[in-house]
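Asks: output the structure for:
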Amino acid sequence: MKVKTVFVCNECGYESAKWLGRCSACGAWNSMFEENIKSSSSSAPFGMSSDRTASAVQLSNLELNSEHRFSCGIGELDGVLGGGIVEGSLILVGGDPGIGKSTLLLQMCSTLPKGVKILYISGEESGNQIKMRSKRLKTENENLFLLSDTNMENIISQIEKVQPKILIIDSVQTMYSPGISSVPGSVSQVREAAVAFMRIAKEMNISVFLVGHVTKDGAIAGPKILEHIVDCVLYFEGEQHHCHRILRCVKNRFGSTNEIGVFEMHDTGLSEVKNPSMLFLEGRPENEPGSCVVCTLEGSRPMLAEFQALVADSSFNNPKRMATGTDHNRVSLLMAVLEKRVGLNLTGKDAYVNVIGGIRIDEPAADLGIVLAIASAFRDKPIGKEFVAMGEVGLTGEIRGVNQMEQRLAEAEKLGFTHAIIPKANEIKLPKGSKMTLHYASTVYQAIQYII
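Replies: Modelled structure (predicted):
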C-alpha cells in the first residue's frame, strides 16, 4: 500500500505537491491542508465500479426510459424538485445552521406515501435526540429506520440490509472512509462519500438526500465537485428575525432551476405557505410615500413584494446609499438614471431601499418598482395602493419588456390590484372579465407621471 502526501485546497479541492500560501486555482489564502492518501491497486474507492465490460453505444440506438417520480407529500418541496422525487436521484440540501434542513427532511418522512421505506443516517445527533424532535413534530412513521454512524463501511452494509427507497444523510461532511487518513469534512473525505452515495443512488435506484454544511459566505462547504456530482442542489434560506424560510433550487437535472418553495417556521415545525405574496404584503402601509409593489418571477412562480424607499437630506459630504434585499450597485445606478433622465436632484440626499419580508430580489423586472419608490419618497407623494409596477430600466431611461407578463398580471389581480404600470414593449390583450387597467410606459419619466 502506497501513501501519498498532497496539499488540498479546502475551498475548491485543488491539489498540490507542496504547500502554497495562496491557492493557484481559486485564489483563497491559507486554505491548503496536508492530507495523506493511501492507495492500493487491488481495491477501488467506495462506490466505484470495477466492471470493465461496459461498451459505448450510439446515442440514436439508446432506449429512452421515462423518469419515475413520486410525491413526497409536501407541495412546496414537490414544486421545487420539479414535480416530485425522481427515483435514483441524488439531492443536496444546504443552508445555515438551525435554518430547518433536518426538520424539513424529518417532516417529509411522515408525508411520504405508505410503504416507502426510509433510512435516516445521522452523523451529528443521537437516536434519542432525533426521537425527541420526531415527537415534537409528530412525524412518527413505522417505515422509518434510524442509524447514528459516520463510518462508510457500516453505512453501506446497513443500506444493503435495509434496502430503503429513500436515504437521508445528515450530514455528508461528517461521513468518513477508513481508507483515507484525513479527518471527516476534509476535501478527500467529502469527495469519497459523495461518489459512494452517487453510485448507491444510481445502481440501487435509491433517492438520496444529502444535508450539506455551508461556509460563512453561504456556499456549500467542501469541494465544488460535490455540487457537480449531485442531480439537484437546494438552498434553504431565511432571515434570523423572520419566521419564513425559502427553499431555492439552483441546479436540477430533472426540472427547471430557480424554483422556490416558501415555508413558515412554528413550534411544531415547518408549514407550507401557499400564497407567499399575501405573506410578504401583510401589514403594508396605505397612502404612505416611498412604497411600491412589484411582481417578480422566481422560477415559474410569480410573487409580489413591496419595495420601500426613504430619501432624506444628508448631513455628510458623501450621502449614504443603502440597500437591503437587493443589489446596492443597482440601486445607485437607478438613482443616477433618475438624476440625469428625470431631473430629480438626489445629489445631497441619503437614500435607503428595503425589500419588506427579508427576501432578496435581484430580477431586472423590479427596476421600475425601485425607481418609483425612490421618486415617491423624494417628492413625498404616495403611490396608490391599487398600483403594481414591473419593468427593466436602461441607462438612457427607457423601460424594457420583461417575460411572462400574463402570469405576473394574473397574480397581481388575484391579490386585488387593479392598476399596473408595465413596459410599452409588453402590450398585451387582457382576458375577458379582467378588472386590471394597464398603463404603458416607454420611459421612466412617463411612468412617474402616472402615479406622482
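Asks: least confident secondary structure element in this structure?
Replies: Every helix and strand of the chain was ranked by mean pLDDT, DSSP states H and E. The lowest is strand 32-39, at a mean of 72.
Asks: now do the helices in this protein.
Replies: Taking DSSP state H as the criterion, the chain carries its helices at 75-81, 101-111, 127-137, 152-162, 187-204, 225-229, 276-280, 328-337, 367-379, 405-414, 444-451.
Asks: so which elements touch the first one?
Replies: Based on contacts counted as 3 or more C-beta pairs under 8 Å, 6 or more residues apart in numbering; DSSP states H and E, the elements that helix 75-81 packs against are strand 244-252, strand 260-266. Every residue, glycine included, has its C-beta placed from N, CA and C.
Asks: also the last one?
Replies: Helices and strands touching helix 444-451, as assessed by 3+ C-beta pairs under 8 Å, 6+ apart, comprise helix 367-379, strand 399-400, strand 419-423, strand 437-441.
Asks: circling back: need the helices and strands packed on helix 75-81 in a markdown table (columns: distance to residue 215, mean neighbour count and mean pLDDT).
Replies: Listed next are the helices and strands packed on helix 75-81 as a markdown table, based on distance: least, C-beta to C-beta, whole Å; neighbours: other C-beta atoms under 10 Å; pLDDT from 0 to 100:
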| stretch | distance to residue 215 | mean neighbour count | mean pLDDT |
| --- | --- | --- | --- |
| strand 244-252 | 16 | 21 | 91 |
| strand 260-266 | 22 | 20 | 90 |
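Asks: in JSON lines, list the ones you listed along with distance to residue 190.
Replies: Shown next, in JSON lines, are those (distance: least, C-beta to C-beta, whole Å):
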{"stretch": "strand 244-252", "distance to residue 190": "17"}
{"stretch": "strand 260-266", "distance to residue 190": "26"}
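Asks: from residue 326, how far off is the closest residue to residue 377 other than its chain neighbours?
Replies: Of all residues not flanking residue 377 in the chain, residue 290 sits nearest, at 3.4 Å (C-beta to C-beta, 6 or more residues apart in numbering). Taking C-beta to C-beta, to the nearest Å as the measure, residue 290 falls 15 Å from residue 326.
Asks: okay, strands next: where are they in the stretch 201-350 of the chain?
Replies: Applying DSSP state E, counting those that start in this stretch to the stretch 201-350 of the chain gives strands spanning 207-212, 232-237, 244-252, 260-266, 269-272, 291-298, 301-313, 321-324, 349-355.
Asks: how about the longest one: buried residues?
Replies: The one in question is strand 301-313. Residues of strand 301-313 classed as buried by neighbour count (16 or more other C-beta atoms under 10 Å): 301-311.
Asks: ok, these vs residue 423, which is closest?
Replies: residue 302 (16.2 Å; C-beta to C-beta).
Asks: for burial, what's the neighbour tally of the residue nearest to residue 437 when sequence neighbours are not counted?
Replies: Excluding the flanking residues, the one nearest residue 437 by C-beta to C-beta, 6+ apart is residue 419, at 5.0 Å. Counted with other C-beta atoms under 10 Å, the neighbours of residue 419 add up to 19.
Asks: switch the helices and strands packed on helix 444-451 over to TSV; also include mean pLDDT.
Replies: Output for those, formatted as TSV (pLDDT from 0 to 100):
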stretch	mean pLDDT
helix 367-379	96
strand 399-400	96
strand 419-423	97
strand 437-441	96
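Asks: may I have the predicted confidence score for residue 312?
Replies: pLDDT for residue 312: 94.
Asks: what do you get for residue 29?
Replies: Reported pLDDT for residue 29: 88.
Asks: ok, and the closest non-adjacent residue to it?
Replies: Using C-beta to C-beta, 6+ apart, the closest residue to residue 29 is residue 22 (5.3 Å).
Asks: against residue 7, how distant is the one you found?
Replies: Distance from residue 22 to residue 7, by C-beta to C-beta: 12 Å.
Asks: ok, now which ones touch residue 147?
Replies: Applying C-beta atoms under 8 Å, 6 or more residues apart in numbering to residue 147 gives the contacts 119-122, 155, 158.
Asks: sorry, back to before: tally of neighbours for the residue nearest to residue 377?
Replies: Residue 290: 25 neighbours (other C-beta under 10 Å).
Asks: my read is that it contacts residue 311, right?
Replies: Yes: Residue 290 is within contact range of residue 311, at 7.4 Å (criterion: C-beta atoms under 8 Å).
Asks: report the set of residues contacting both of these two.
Replies: 374, 377.
Asks: between the helices and strands packed on helix 444-451, which one is nearest to residue 385?
Replies: The nearest among those, by C-beta to C-beta, is strand 419-423 at 9.8 Å.
Asks: could you say what helices and strands the closest one packs with?
Replies: Counting by 3+ C-beta pairs under 8 Å, 6+ apart, strand 419-423 packs on helix 367-379, strand 387-389, helix 405-414, strand 437-441, helix 444-451.
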